[in-house]
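Colleague: fold the following and give me the result.
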Amino acid sequence: MNEQKPLQAEQISFFRLLGSWSRIGVHVLAGIFTLCFIFSWIDAQSKKRHIQKWSAHLLAIFEIELKVYGGQLLPKSPYLLVANHISWLDIHAINSYHPLRFVAKSEVAGWPIFGWMAKQLGTVFVRRESARHARAVVGEIAQVLQKDSICIFPEGTSSLGNMVLPFRPNLFEAALVAQVPLYPLAIRYVSRVTGEKTTIPAFVGDMGLLESMVQVLKNPRLGVELHFLPPISPTDEDALDRKQLALYSQECISRQI
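Modeller: Numbers count the residues shown, from 1 in each chain. Predicted coordinates for the structure are as follows:
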């Protein structure tokens, strides 16, 4: 009787990836079903619970552990959240803790499935190469801030996470128009093995979404940290203008990452 040979590491990795893709597929289908057949019948708070649960499960599939610092700073009233941008995972990490609406680059709207889902969740899209369009979007964001919090990624693109790129000031005007506080958020991805920062989840350059997903799946045991920082209020007597708000937020986040 021939003995069975043990599975090689490559085979184990293949089957693990296959299982992960299967879980992702089922999870995405569940999200589509919820958006198509459930969201139109439930209230805003129930929607947020569904979003939070869905995003948390997605992180679990990718074996990403979420840690939150300073979350108690966030108010119940609307605010503008300003974050550095590293990965497509950023949005899901934030939603896993506290669901809110987002401003995303217009390219996201064209992503298969995920772009459609972003539209259904009320994402505001901005053409990052057009300062004129960004200024036009300010009014839309300010209107959203009358009743909901919203998050922007003012670098205008994603980075490796080793540094914070200069913040574009246009969208900061929305906080001044809506008279809501601004909360900086520093996002960090780390290896849960070494505890050091990692660039594995970085979604940069010409990298495609599927390519990025494969890279994360092949490198499990990652962690994402959300560091919510003290707010900046546009109603203060010494309130900053949009350029000063952008620079101050960038400096706050840079010190944290």
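
Colleague: residue closest to the middle of the chain?
Modeller: Ile91 (1.8 Å; C-alpha atoms, centre = their mean).

Colleague: where does pLDDT dip in the protein?
Modeller: Scanning the chain for pLDDT under 70 picks out 1-12, 14, 128-131, 235-239.

Colleague: isn't the residue nearest to the centre of the chain right up against Phe102?
Modeller: Yes: using C-beta atoms under 8 Å, Ile91 is in contact with Phe102, at 5.7 Å. Where C-beta positions appear, they are placed from N, C-alpha and C, glycine not excepted.

Colleague: which residues are common contacts for those two?
Modeller: Cys151 (C-beta atoms under 8 Å, 6 or more residues apart in numbering).

Colleague: report all helices and strands that the helix or strand containing Ala142 contacts.
Modeller: Under the criterion of DSSP states H and E, Ala142 resides in helix 131-144. Contacts defined by 3 or more C-beta pairs under 8 Å, 6 or more residues apart in numbering; DSSP states H and E place helix 131-144 against strand 101-105, strand 124-126, strand 150-152, helix 173-178.

Colleague: make TSV out of those and add mean neighbour count and distance to Ser249.
Modeller: As requested, the helices and strands packed on helix 131-144 are exported to TSV (neighbours: other C-beta atoms under 10 Å; distance: least, C-beta to C-beta, whole Å):
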stretch	mean neighbour count	distance to Ser249
strand 101-105	19	14
strand 124-126	21	17
strand 150-152	25	10
helix 173-178	22	10
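
Colleague: quick one, strands of this structure?
Modeller: Applying DSSP state E to the chain gives strands spanning 64-69, 80-83, 101-105, 124-126, 150-152, 182-191, 222-228.

Colleague: all helices for the protein, in order.
Modeller: 9-37, 44-61, 89-97, 114-120, 131-144, 173-178, 209-217, 242-256 (DSSP state H).

Colleague: make sure Leu182 is actually in contact with Phe172.
Modeller: Yes: contact between Leu182 and Phe172 holds when scored by C-beta under 8 Å: they sit 7.3 Å apart.

Colleague: and the two? Which one has more around it.
Modeller: Phe172 (28 against 22; other C-beta atoms under 10 Å).

Colleague: who wins for proximity to Val68 among the helices of the chain?
Modeller: Of all the helices of the chain, helix 89-97 sits nearest to Val68, with 5.2 Å by C-beta to C-beta.

Colleague: can you give me the offset of stretch 51-67 from its chain's centre?
Modeller: In terms of C-alpha atoms, centre = their mean, to the nearest Å, the centre of stretch 51-67 is found 12 Å from the chain centre.

Colleague: please identify the buried residues of that stretch?
Modeller: 51, 54-55, 58-59, 61-62, 64, 66 (16 or more other C-beta atoms under 10 Å).

Colleague: tell me the one of those residues nearest Ala118?
Modeller: The closest of the buried residues of stretch 51-67, once distances to Ala118 are taken by C-beta to C-beta, is Ile51, at 11.6 Å.

Colleague: ok, the closest one to Asn95 distance?
Modeller: Distance of Ile51 to Asn95, computed by C-beta to C-beta, to the nearest Å: 5 Å.

Colleague: who does Phe125 form a beta bridge with?
Modeller: Using DSSP bridges, the beta-bridge partners of Phe125 come out as Ala104.

Colleague: can you name the residues that contact it?
Modeller: 103-106, 108-109.

Colleague: any chance of a markdown table for these, columns distance to Gly208?
Modeller: Formatted as a markdown table, the contacts of Phe125 follow (distance: C-beta to C-beta, whole Å):
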| residue | distance to Gly208 |
| --- | --- |
| Val103 | 22 |
| Ala104 | 17 |
| Lys105 | 15 |
| Ser106 | 17 |
| Val108 | 13 |
| Ala109 | 16 |
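
Colleague: quick one: which two of these are the most distant?
Modeller: Farthest pair in the contacts of Phe125 (C-beta to C-beta) is Val103 and Ala109. Separation: 11.9 Å.

Colleague: what's the closest non-adjacent residue to Ala174?
Modeller: Ile141 (3.8 Å; C-beta to C-beta, 6 or more residues apart in numbering).
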